[in-house]
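S.K.: Pasted the sequence and its predicted model underneath.
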Amino acid sequence: PTPLAAVREILSRDASSAWAGYVVGCLSVLYHEGLASPADGGVAVAVRSNVPEGKGVSSSAALEVSTMVALLGALGKPPIHPAARLAALCQRVENCVVGAPCGIMDQMASALGQNKTLLALECRPAIVRGWVPVPSGIRLWGIDSGVRHSVGGSNYGTVRAATF
C-alpha cells in the first residue's frame with residue numbers, strides 16, 4: 001500500500017479536498033493493518049452528516065469511526081474488536097494521514113460511546129474505566145461559542161504535548 005505520509009502529501013495539495021483525508025485515510029490505514037486489500041474491490045463513498053464541523057464536538061472522530069465501520073461492511077470484512085482498537089486506528093488516520101496531532105479521546109468517545117452515559121476514560125494510555133449513567137433529572141447542553149475549533153494547527157500539538 002501507499003505509505004501514509006505519501007497519502008497525506010497527495011491529499012494536502014488542494015485545501016478544498018483535504019477533508020477527504022478522513023475518508024481515504026480510513027481505507028489506507030485498513031490496508032496498512034492488513035484488514036483490507038485493494039484486491040477486495042473498490043468502494044464508492046458518500047458522506048452525509050448533521051454533526052457540525054469545527055465546533056469541538058468530535059466531528060472528525062465521528063467521521064473516521066463511521067467511515068471505517070462502513071468500509072469494512074462494504075468490503076465484507078468483520079468489524080474491528082475491541083472498539084478501543086477501532087478508535088486507535090481512527091486516531092492513526094487523523095495523526096498520519098490528516099496530519100492533526102490529536103489524542104485518543106474523541107475517537108474513543110465515538111467508538112465506545114453509549115446513549116445516556118458518560119465514558120470514564122483515562123486517555124493516557126487509553127484505558128476505559130467504564131460508563132457512568134446520566135441520572136434522569138440531569139440535562140447536558142452544548143453551547144456554540146462561535147469560536148472555530150481545530151486540532152490541525154501547530155499550536156494544538158504544542159499545547160497537547162505540554163499537558164503531558
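M.R.: Happy to help now that I have it. Numbers count the residues shown, from 1 in each chain.
S.K.: When you work out contacts or count neighbours from here on, use the C-alpha atoms and nothing else.
M.R.: Fine.
S.K.: Just give the number of residues close to residue 75.
M.R.: For residue 75, the neighbour count with other C-alpha atoms under 10 Å is 14.
S.K.: Now it: closest residue in space, sequence neighbours ignored.
M.R.: Nearest residue to residue 75 in three dimensions, chain neighbours excluded: residue 40, at 6.4 Å (C-alpha to C-alpha, 6 or more residues apart in numbering).
S.K.: Distance check, the one you found against residue 145.
M.R.: Residue 40 sits 44 Å away from residue 145, going by C-alpha to C-alpha, to the nearest Å.
S.K.: hmm, back to that, near the residue nearest to residue 75, how many other residues are there?
M.R.: Around residue 40 there are 11 residues (other C-alpha under 10 Å).
S.K.: which ones are touching residue 4?
M.R.: Residues counted as contacts of residue 4 (C-alpha atoms under 8 Å, 6 or more residues apart in numbering) are 25, 28-29, 96-97.
S.K.: go on, residue 122?
M.R.: Applying C-alpha under 8 Å, 6+ apart to residue 122 gives the contacts 128-129.
S.K.: Geometric centre of the chain: which residue is closest?
M.R.: Ranked by distance to the mean C-alpha position of the chain (C-alpha atoms, centre = their mean), the top residue is residue 61 at 2.8 Å.
S.K.: can you tell me the helix or strand for that one?
M.R.: helix 59-74 (DSSP states H and E).
S.K.: How about residue 84?
M.R.: Per DSSP H and E: helix 83-92 holds residue 84.
S.K.: okay, the residue nearest to residue 75: pLDDT?
M.R.: Confidence at residue 40, expressed as pLDDT, is 93.
S.K.: Residue 6 too?
M.R.: So residue 6 comes in at 96 (pLDDT).
S.K.: Now do it against residue 137, distance only.
M.R.: Residue 6 sits 50 Å away from residue 137, going by C-alpha to C-alpha.
S.K.: Ok, residue 69 next?
M.R.: Distance check for residue 69 against residue 137: by C-alpha to C-alpha, it reads 33 Å.
S.K.: Neighbour count for the two, which is higher?
M.R.: Taking neighbours as other C-alpha under 10 Å, residue 69 and residue 137 compare with residue 69 leading, 17 against 5.
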